[in-house]
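J.: Sequence first, then the predicted structure, then my questions.
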Amino acid sequence: MTVSFIDIKTHNKLMRKNAINAFAKVFDRGDFILGEEVELFEKDFAGYCGARFGVGVNSGTDALFLGLLSLGIKPSDEVICPVFTYIATALSISYTGAKPVFVDIDKRTFNINLAELQRKITKRTKAIIAVHLYGNPAPMPEIMRIAKKYKLKVIEDAAQSHGARIRIKSNKWQKVGTFGDIGCFSFYPTKNLSGCGDAGLIVSNSKAIFERLLMLRDQGRRGSNRFTHYIRGYNSRLDSLQAAILRQKLKHLNIWNAARQRMAGLYSKLLKNVPGIECPHQENNHKHVFHLYPILVKRRDFLQRQLRGYNIQTGIVYHRPLHLQPAYNDLRYKRGDFPVSENVCRHILCLPMHPALTAKQVKFVTECIKKILK
Ligand SMILES: Cc1ncc(COP(=O)(O)O)c(C=O)c1O
C-alpha cells in the first residue's frame, strides 16, 4: 500500500466536473479580471467565516501584506509574530518595511506563547499576527484581550485553518479569521480549501478596511473610474477562474474538514500509548481542522526514513524556525533564543493527511510506526 502525504489528484478527480463547468463559464464570459465570480466568491467565503466583507487577492502572502498596509503598518513599526510558522507570515511584515519581532510557541499547541508575547511588546509595537498553525486555532480571546490593553491591531494568519472554530459561549462558536481586525487566508493548492494555482483572501468586519483593501489590490482604483488611482496600490487581484473553482469547492469544505477530523481522531486513538510519540493537542473549546497531523517523535529522522521504506510519505513542516532562516540573519537572533520552536523543529513529523485518506491507510501507517519504534 502506498500512502501519500497529500493527495491533490484524488481530490481533483472528485471535483473535475464541477471545476471544469465553473472554468468554462468564466472562459465563455471572458470576465477574467475581477469578474462576477470574484465578487460572488468573496461574499460566499466571508459569509462562511461569519465576516461582513471579503477581498480576494492573488495569494495568502499578499493577503497578509496588503492586510498590514490596510491597517496602516509602516517602516518604523514593530509587528509581533510566532517564530514557528511559514516564512510568509514574517515576509509580509518585512515587505511593509516594519520589523518582525519573533515570539516562541506553546509546546503543546504549537501556537504563539502568550506570556512571551506580552514581554515582547514595546513602544514601537503596532500589531500582532496570530497564526492558527496546522489548522489549530490560536487562543484568540486571550490575544484580543492583550491587544486591547496595549492598543494593538490584530491580524489572523488563517492560511492553514479554513473553518477552524473557537467556542465563545456555551452554544456559540466563532470561526478563525473573524476575531482580529482582519483574517488572511491562502488557497494554495495543498490547503484545506485550495485553488488550481495561487489565490488568497482577506476577511474583515470593517467597511473602512474593506474599501482600502479594494484599492490596495487594484492599483489604487476605486469604483468604475478605471484611470483614476487614489493610492499607490498593487496588482494583486484574485483571478476569476480561481474564484469560480473555489466557489464550487467551498460547498464541500465542511465535509472535507470533517473527513480530516475523523482521520486525525483515528491516528490519535491508535498512537495514544506508543512510547516516544506525542499526538497533536486540541484545546477543549477549539475545533482543529487538521490541515496537517503533526506528531513529535524522539527518533524523527529514523522514523521518516523507515516509513519511506513502507511507501508512506511524511513531511517535516518546518525544519527551521524563522530566526534561523538565512533570510533573517540581519535580525541577529541566535540558536537557543527560541528553545521550544527549535526543539519542535528537531522532532516534528507530519503524517499523511488529506480528505481522501482512508481508515485502512491510517491503520497501516500506525501499525508501521509501532513496528519501527518497537
Ligand atoms: C501559515 C501560512 N501563512 C502564509 C502562507 C502564504 O500563503 P501563499 O502560499 O498563498 O502565499 C502560508 C502558505 O503556505 C502559510 O502556511
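T.: Cool, the structure landed. This one's a predicted model, so the numbers in the text were calculated from it and none came from an experiment.
J.: Can you name every helix or strand that the longest helix anywhere in the chain contacts?
T.: Among the segments of the chain that qualify as a helix by DSSP state H, the longest is helix 8-29. In this structure, helix 8-29 makes packing contacts with helix 36-49, helix 240-250, judged by 3 or more Cβ pairs under 8 Å, 6 or more residues apart in numbering; DSSP states H and E. For the C-beta atoms, the positions are set from N, CA and C on the backbone; glycine is no exception.
J.: Taking the stretch 251-374 of the chain, what residue is nearest to the ligand?
T.: Among the residues of the stretch 251-374 of the chain, His291 lies nearest to the ligand; the distance is 8.0 Å by Cβ to the nearest ligand atom.
J.: Can you get me a residue count around the residue of the stretch 1-150 of the chain found nearest the ligand?
T.: Using Cβ to the nearest ligand atom, the single residue of the stretch 1-150 of the chain nearest to the ligand is Gly60, 2.5 Å away. For Gly60, the tally of surrounding residues (other Cβ atoms under 10 Å) stands at 27.
J.: Identify the residues contacting it.
T.: The contact partners of Gly60, taken as Cβ atoms under 8 Å, 6 or more residues apart in numbering, are Ala88, Asp157, Ala159, Cys184, Phe185, Ser186, Phe187, Tyr188, Gly200.
J.: just the helices in the chain please.
T.: In the chain, the segments counted as helices under DSSP H are 8-29, 36-49, 60-70, 88-96, 114-119, 140-150, 207-216, 240-250, 253-271, 300-309, 339-347, 359-373.
J.: Mean neighbour count, those helices: which tops it?
T.: Stretch with highest mean neighbour count among the helices of the chain: helix 60-70 (a mean of 27; mean count of other Cβ atoms under 10 Å).
J.: mind checking the end-to-end distance for stretch 59-77?
T.: 24 Å (Cα to Cα, to the nearest Å).
J.: So what's the gap between that stretch and the chain middle?
T.: When distances are taken as Cα atoms, centre = their mean, to the nearest Å, stretch 59-77 is centred 16 Å away from the chain's centroid.
J.: Return the residues of the chain in contact with the ligand.
T.: For the chain, the residues found near the ligand under the criterion Cβ under 6 Å from any ligand atom are 59-61, 85-86, 88-89, 131, 157, 159-160, 186, 188, 198, 200.
J.: The same query, at a cut-off of 8 Å, please.
T.: Contact residues of the chain with respect to the ligand, defined by Cβ under 8 Å from any ligand atom, are listed as 59-64, 85-86, 88-89, 92, 131, 133, 157, 159-160, 184, 186-188, 190-191, 198-200, 291.
J.: and His347, what is it in contact with?
T.: Counted by Cβ under 8 Å, 6+ apart, His347 has contacts Leu296, Val297, Lys298, Arg300.
J.: Can you tell me which of those has the most neighbours?
T.: Highest neighbour count within the contacts of His347: Val297, with 21 neighbours (other Cβ under 10 Å).
J.: related to what we said a few turns ago, then the longest helix of the chain to PDB, C-alphas only?
T.: Listed in PDB are the C-alpha atoms of helix 8-29, where the atom choice follows Å, rounded to 0.1, in the frame of the first residue of the first chain:
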ATOM      1  CA  ILE A   8      -4.300  16.500  -4.900                       C
ATOM      2  CA  LYS A   9      -5.000  14.100  -7.700                       C
ATOM      3  CA  THR A  10      -7.800  12.100  -6.000                       C
ATOM      4  CA  HIS A  11      -9.300  15.300  -4.600                       C
ATOM      5  CA  ASN A  12      -9.300  16.900  -8.100                       C
ATOM      6  CA  LYS A  13     -10.900  13.800  -9.600                       C
ATOM      7  CA  LEU A  14     -13.900  14.300  -7.300                       C
ATOM      8  CA  MET A  15     -14.200  17.900  -8.300                       C
ATOM      9  CA  ARG A  16     -13.400  17.500 -12.000                       C
ATOM     10  CA  LYS A  17     -16.800  18.000 -13.500                       C
ATOM     11  CA  ASN A  18     -17.800  21.000 -11.200                       C
ATOM     12  CA  ALA A  19     -14.400  22.600 -11.700                       C
ATOM     13  CA  ILE A  20     -14.400  22.300 -15.500                       C
ATOM     14  CA  ASN A  21     -18.000  23.600 -15.700                       C
ATOM     15  CA  ALA A  22     -17.100  26.600 -13.500                       C
ATOM     16  CA  PHE A  23     -14.000  27.200 -15.600                       C
ATOM     17  CA  ALA A  24     -16.000  27.000 -18.800                       C
ATOM     18  CA  LYS A  25     -18.500  29.600 -17.600                       C
ATOM     19  CA  VAL A  26     -15.800  32.200 -16.900                       C
ATOM     20  CA  PHE A  27     -13.900  31.200 -20.100                       C
ATOM     21  CA  ASP A  28     -17.100  31.800 -22.200                       C
ATOM     22  CA  ARG A  29     -17.900  35.000 -20.500                       C
END
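J.: Residues in contact with that helix: which ones?
T.: For helix 8-29, the external contacting residues (Cβ under 8 Å, 6+ apart) are 32, 35-37, 189-190, 194, 196, 240-241, 244-245, 247-249, 252, 354-356.
J.: Now do that helix against helix 253-271, angle only.
T.: The directions of helix 8-29 and helix 253-271 differ by 170 degrees, with axes from the mean of the first three to the mean of the last three Cα atoms, to 10 degrees as the criterion.
J.: And the average pLDDT for helix 8-29 is what?
T.: For helix 8-29, mean pLDDT rounds to 94.
J.: can you give me how far it is from the chain middle?
T.: Relative to its chain's centre, helix 8-29 lies at 24 Å (Cα atoms, centre = their mean).
J.: got the angle between it and helix 36-49?
T.: With the same axes, to 10 degrees as the basis, helix 8-29 and helix 36-49 are set at 130 degrees to each other.
J.: and helix 8-29 with helix 240-250, angle?
T.: Using the same axes, to 10 degrees, helix 8-29 lies at 130 degrees relative to helix 240-250.
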